[in-house]
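Colleague: Just a sequence and a predicted model for now, questions to come.
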Amino acid sequence: MRFQTRSGELRATRKGDWFELDFPARPAAPCDPPAALLPALGLSTAQVFKDTRDYLVVVESARQVAALKPDIEALARIDIGNGGTIVTAPGDGGGDCDYVVRFFAPSVGIPEDPATGSITCTLAPYWAARHGKRALRARQLSPRGGELRCELAGDRVKIARQARLYLQGTIAI
C-alpha cells in the first residue's frame, strides 16, 4: 500500500504478523541544547543532537533510560516547536536489542509516548552509524513499551512492528 503524507510517500507492507512502514530518514546533527533540557530530564551530562523536529539525547546505558524521572512540566516549558525529546542508549547487552528509547513531548500534549514509530526516522540513522549495521532491533522502555525492527535503506527507514487485526472496514472519501 502507498499513501501520500506531509512527509512524503508512506509505503506499508505486511510480512506475516509484522507490518513494515517505509518513512523518510530524519538524521540528527550535534547541537547546543537549551539550558533547561538536561536538568528537566534529570541528567547532568549527555550528547545532544537535533533533527528537524526533535532533540535526541544519548546517554551511556539502558539503565539510565529506564530510570529517567523527567520533570514533565519543565520539559513542556522548553520551546521545541512541534517536537519532543528522544532519550536513547545502547541496548543492555543481552543481544535482544541494539538500542533502547523513551520519548517525551509534553509541549504537544504527550507527557510520554508509550510506543513511537516516527522517532525511528532519527534513531535508525544514528544507531546504524554507531553500530555499523543497517538492520537494528529497538525497545521502547515506557510503561507500555514496545519492540520494533528497523532498517536504514539509503534516505529511507523501514520500521516494522507486530500487529494483529482487530477492526476491518471501508472508508469512502
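Modeller: Cool, got the structure.
Colleague: Can you tell me the SS state at Ala40?
Modeller: helix (DSSP: H, G, I helix; E, B strand; the rest coil).
Colleague: contacting residues around it?
Modeller: 70-71, 74-75, 78 (CB atoms under 8 Å, 6 or more residues apart in numbering). All C-beta atoms are positioned from the backbone trio N, CA, C, and that covers glycine.
Colleague: out of these, who has the most neighbours?
Modeller: Leu75 (22 neighbours; other CB atoms under 10 Å).
Colleague: Out of the contacts of Ala40, which comes closest to Pro114?
Modeller: Pro70 (14.9 Å; CB to CB).
Colleague: The closest one contacts Leu37, correct?
Modeller: No. Between Pro70 and Leu37 no contact is recorded; they are 10.0 Å apart, counting by CB atoms under 8 Å.
Colleague: what does the helix ranked longest in the chain contact?
Modeller: The longest helix of the chain (DSSP state H) is helix 120-131. Helix 120-131 is contacted from outside by 23-28, 49, 51, 54, 56, 58, 86, 88, 90, 98-99, 101, 134, 136, 138, 148, 150-152, 157, 159, using CB under 8 Å, 6+ apart.
Colleague: Tell me the spacing between Gln47 and Lys69.
Modeller: 20 Å (CB to CB, to the nearest Å).
Colleague: between these two, who's got more neighbours?
Modeller: Gln47 (14 against 7).
Colleague: Please report how far the residue nearest to the more buried one when sequence neighbours are not counted lies from Lys50.
Modeller: Once flanking residues are discounted, Gln47 sits nearest to Val58: 4.3 Å by CB to CB, 6 or more residues apart in numbering. To Lys50, Val58 is 12 Å away according to CB to CB.
Colleague: Just the pLDDT at Met1, thanks.
Modeller: At Met1, the predicted lDDT confidence score is 62.
Colleague: next one: Gly94
Modeller: On the pLDDT scale, Gly94 is placed at 68.
Colleague: Bridge partners for the residue nearest to Gln47, pull those for me.
Modeller: Gln47, Thr88 (DSSP bridges).
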